[in-house]
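Asker: no FASTA, just this:
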């Protein structure tokens, strides 16, 4: 089981407001007047591959001055940590809305010097073959989309410069020798389409959200790798009753060519197949089906139960014949912004035979 020991201190920082007075303001006044909110918390964790790690995470939920209170909120997150094994992670995902939701700018700025799990590539890898390698990479993702009614259309720019060391001699990576084992630059452009009919962009209770991406990476885009990837992520939200919501999600990836193994889809993220270890199953193609039931517990505290099933494969056709893995779990949500429905998320995912994992982050998995 992947174990996290986490100490959290929540601090809401708004001009001339204390945490207590801000919470009272959310409960007893017109929340449409509240536009900006900052949340920060330190994080302490322990993992066998990292030993003790220390860091901080933050969230800034806001609207630009020219935007109305009814426009979608913009959000910037920040996570930074350092471990006893001299590992460093810096992640800054963001989602910005301008001109009353006409423009959406979404992306991620990342730098990491970290250790990652490797089990090999394919649906039949074994947990006991786990090995750890060290990687170093800056990463940039920038999406620019324009809205046409309820559909966003746009482009993505992506850049990774990946290098690896401390690869186990005669280990699973050396034996399989996947594309990208010696590192390299993965740079490309993508065409994007988002269909968004959610009633809220964070924690919706009805509607749907569909995200499609076709991504090209080759010498023309400045990449060391040549491949094409088609990605679809779709969610449907069904309101059962007040604050009770059933959500279904499908996440699938189709790849042609020779992608680097560090850019292949994989299980074990805070959004996909929660419960499996990081990068437990990976390959060129993936299909995952997930469902989640969200319900209230007490005031700002809500609960969820979730289940996921999925597989990976060398070809897309093999996804319909390969065996499927199963994961399930439960979690808690603490509402930190009633108007925009921003929530702090703590999940525990469990697998039938390989233990489980905790996840602490902001916003729902899908």
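Answerer: Yep, it's here. As the structure is a prediction and not an experimental result, all values here were calculated from the model.
Asker: now the helices for the stretch 101-250 of the chain?
Answerer: Remark: helices assigned in the stretch 101-250 of the chain by DSSP state H, counting those that start in this stretch are 172-176.
Asker: all strands of it, in order?
Answerer: Remark: strands assigned in the stretch 101-250 of the chain by DSSP state E, counting those that start in this stretch are 103-118, 131-148, 151-165, 184-196, 207-217, 226-241, 244-258.
Asker: let me have these in CSV, extended by mean pLDDT.
Answerer: Formatted as CSV, the strands of the stretch 101-250 of the chain follow (pLDDT from 0 to 100):
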stretch, mean pLDDT
strand 103-118, 93
strand 131-148, 94
strand 151-165, 94
strand 184-196, 96
strand 207-217, 97
strand 226-241, 97
strand 244-258, 97
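Asker: what would these look like in TSV with distance to residue 81 and mean neighbour count?
Answerer: (Glycine included, C-beta is placed from N, CA and C.) Listed next are the strands of the stretch 101-250 of the chain as TSV, based on distance: least, CB to CB, whole Å; neighbours: other CB atoms under 10 Å:
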stretch	distance to residue 81	mean neighbour count
strand 103-118	9	18
strand 131-148	15	16
strand 151-165	20	17
strand 184-196	24	18
strand 207-217	28	18
strand 226-241	27	17
strand 244-258	26	18
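Asker: can I get the ones you listed in CSV with distance to residue 56?
Answerer: As requested, the strands of the stretch 101-250 of the chain are exported to CSV (distance: least, CB to CB, whole Å):
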stretch, distance to residue 56
strand 103-118, 15
strand 131-148, 20
strand 151-165, 25
strand 184-196, 29
strand 207-217, 29
strand 226-241, 29
strand 244-258, 29
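Asker: those strands: which one's closest to residue 301?
Answerer: Smallest distance to residue 301 across these (CB to CB): 14.7 Å, for strand 244-258.
Asker: now that closest one and strand 226-241, what's the angle there?
Answerer: 170 degrees (axes from the mean of the first three to the mean of the last three CA atoms, to 10 degrees).
Asker: strand 244-258: how far from the chain's middle?
Answerer: Mean-position distance between strand 244-258 and its chain equals 13 Å (CA atoms, centre = their mean, to the nearest Å).
Asker: what is it packed up against?
Answerer: Where contact means 3 or more CB pairs under 8 Å, 6 or more residues apart in numbering; DSSP states H and E, strand 244-258 is packed against strand 226-241, strand 285-298.
Asker: chain neighbours aside, what residue packs nearest to residue 297?
Answerer: residue 303 (4.9 Å; CB to CB, 6 or more residues apart in numbering).
Asker: and the residue nearest the centre of the protein?
Answerer: Residue closest to the mean C-alpha point of the chain, counted by CA atoms, centre = their mean, is residue 271 at 5.3 Å.
Asker: circling back: dump the helices and strands packed on strand 244-258 to CSV, plus distance to residue 365.
Answerer: Below are these laid out as CSV (distance: least, CB to CB, whole Å):
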stretch, distance to residue 365
strand 226-241, 9
strand 285-298, 7
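Asker: which among these is found nearest to residue 52?
Answerer: Using CB to CB, the helices and strands packed on strand 244-258 put strand 285-298 closest to residue 52, at 31.8 Å.
Asker: mind listing what's buried along whatever helix or strand comes next after the closest one?
Answerer: Helices and strands here follow DSSP states H and E; after strand 285-298, the next one along the chain is strand 301-313. By neighbour count on 16 or more other CB atoms under 10 Å, the buried set for strand 301-313 is 302, 304, 306-308, 310-313.
Asker: hang on, the earlier thing: show me the contacts for the closest residue to the residue nearest to the centre of the chain other than its chain neighbours.
Answerer: Computed as CB to CB, 6+ apart, the closest residue to residue 271 that is not its neighbour in sequence is residue 365, at 4.6 Å. By CB atoms under 8 Å, 6 or more residues apart in numbering, the contact list for residue 365 reads 249, 270-272, 274, 290, 292, 306, 345, 347.
Asker: for residue 82, state which of these is nearest.
Answerer: Closest to residue 82, out of all of the contacts of residue 365 and judged by CB to CB, is residue 270, at 20.2 Å.
Asker: which residues touch the closest residue to the closest one other than its chain neighbours?
Answerer: Nearest non-adjacent residue to residue 270, counting by CB to CB, 6+ apart: residue 359, 4.3 Å away. Taking CB under 8 Å, 6+ apart, we find residue 359 in contact with 270, 274, 331, 345-349.
Asker: again with residue 156
Answerer: 141-143, 189-192, 213, 215.
Asker: can you tell me who it pairs with across the strands?
Answerer: The partner list for residue 156 in beta bridges (DSSP bridges) reads residue 143, residue 190.
Asker: please apply the same query to residue 77.
Answerer: residue 59.
Asker: quick one: it from residue 36, how far?
Answerer: From residue 77 across to residue 36, the span is 15 Å (CB to CB, to the nearest Å).
Asker: same deal with residue 210?
Answerer: 30 Å.
Asker: buried ones in stretch 56-67?
Answerer: Neighbour-count burial for stretch 56-67 [16+ other CB under 10 Å]: 57-63, 67.
Asker: tell me how far stretch 323-341 lies from the chain's centre.
Answerer: Counting by CA atoms, centre = their mean, stretch 323-341 comes out at 12 Å from the chain centroid.
Asker: oh sorry, the question was meant for stretch 189-196
Answerer: 17 Å.
Asker: next one: stretch 289-300
Answerer: 18 Å.
Asker: what comes up buried for that stretch?
Answerer: By neighbour count on 16+ other CB under 10 Å, the buried set for stretch 289-300 is 290-292, 294, 300.
Asker: mind putting these into JSON lines with distance to residue 42?
Answerer: Below are those laid out as JSON lines (distance: CB to CB, whole Å):
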{"residue": "290", "distance to residue 42": "30"}
{"residue": "291", "distance to residue 42": "33"}
{"residue": "292", "distance to residue 42": "28"}
{"residue": "294", "distance to residue 42": "28"}
{"residue": "300", "distance to residue 42": "21"}
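Asker: right, I'll call it a day here.
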